[in-house]
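Asks: Sequence isn't available, so here's the structure alone:
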């Protein structure tokens, strides 16, 4: 009988790895070695091995037994294997079934592939319940910044989706029945970079030279700013803690204003003469 590989080696994680690390490693490997995607001859065996390792290491109780007794805790030396199917022979190797009607991308569709792996291959054979659905919800830029409630219909029932302040494209909201991924529309003026916001604001070249006051839009209100005399093009002004609220804390990003100096395309004779006088001084 071939010697089983260490489950930690199978997933490529350290023995001190936490649940999140184990799950992340499993997801990457499961996507890589799924037999519908990977056409290598050993893909099915690798996929089986990955799921077997995840079944043990993702369970606190099973992981503790494995750390203490190794494979013996689940093989013939330690009792019936948890991977044997109900009604099968004790100690039989882990088994699984899968089927698709198309290629790997069709298999994914609009369904979270990680939920498929966790629902179908849990060491208990093929489950009968359908995989969790995954929706994409489009929201406006400011609604994602400030937070909003939206209503959707799922399987004939109405659900209220609470979009938390500071959300961005890719933010995921989980429910028991389904998952929501947000798709945030870009803003016409504000540009987002993480929790920071950038605004390009044009000022006349005379204001850049002589200085003056300007009013710029921010996330919550218009703000008056003083432009210093001799301000150079592409001067960047930073407003600390005026950016986007972090999802999991009260901390905020910064708000940056990039001053763009506007040069007039047409000048009358008097304006040209004045500029020539300025140049000759």
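Replies: Arrived safely. Bear in mind the structure is a predicted one, so any value in this text is a computation, not a measurement.
Asks: Setting aside sequence neighbours, what's the nearest residue to the residue nearest to the spatial centre of the chain?
Replies: Centroid-nearest residue in the chain: residue 170, 4.5 Å away (criterion: Cα atoms, centre = their mean). The shortest distance from residue 170 to any non-neighbouring residue, by Cβ to Cβ, 6 or more residues apart in numbering, is to residue 181 (6.5 Å). Any C-beta I mention is one placed from the backbone N, CA and C, and that applies to glycine too.
Asks: With residue 267 instead?
Replies: Using Cβ to Cβ, 6+ apart, the nearest residue to residue 267 is residue 275, at 7.2 Å.
Asks: From residue 187, how far out is the one you found?
Replies: 37 Å (Cβ to Cβ, to the nearest Å).
Asks: More neighbours: which of the two?
Replies: Counted by other Cβ atoms under 10 Å, residue 275 and residue 187 do not tie: residue 187 has more neighbours, with 16 against 11.
Asks: where does the more buried one fall, phi/psi-wise?
Replies: phi -90, psi 150 (degrees, to the nearest 10).
Asks: Residue 67: neighbour count?
Replies: 14.
Asks: isn't it right up against residue 8?
Replies: No - Residue 67 is beyond contact range of residue 8, at 9.4 Å (criterion: Cβ atoms under 8 Å).
Asks: Between the two, which contacts overlap?
Replies: Counting by Cβ atoms under 8 Å, 6 or more residues apart in numbering, the residues touching both residue 67 and residue 8 are residue 15.
Asks: What segments of this protein are helices?
Replies: 7-11, 19-33, 43-57, 60-69, 104-108, 113-120, 141-146, 205-210, 269-280 (DSSP state H).
Asks: if I read this right, the residue nearest to residue 170 contacts residue 167, doesn't it?
Replies: No - counting by Cβ under 8 Å, residue 167 is not a contact partner of residue 181; they are 10.4 Å apart.
Asks: What residues does the closest residue to residue 66 other than its chain neighbours make contact with?
Replies: Leaving aside its sequence neighbours, residue 66 sits nearest to residue 56 (Cβ to Cβ, 6+ apart; 5.2 Å). By Cβ under 8 Å, 6+ apart, residue 56 lies in contact with 7, 62-63, 66, 74, 82.
Asks: ditto for residue 23
Replies: Per Cβ under 8 Å, 6+ apart, neighbours of residue 23: 54, 58.
Asks: Tell me the pLDDT of it.
Replies: pLDDT, residue 23: 89.
Asks: wait, residue 136 sits on residue 184?
Replies: No - using Cβ under 8 Å, residue 136 makes no contact with residue 184, being 11.1 Å away.
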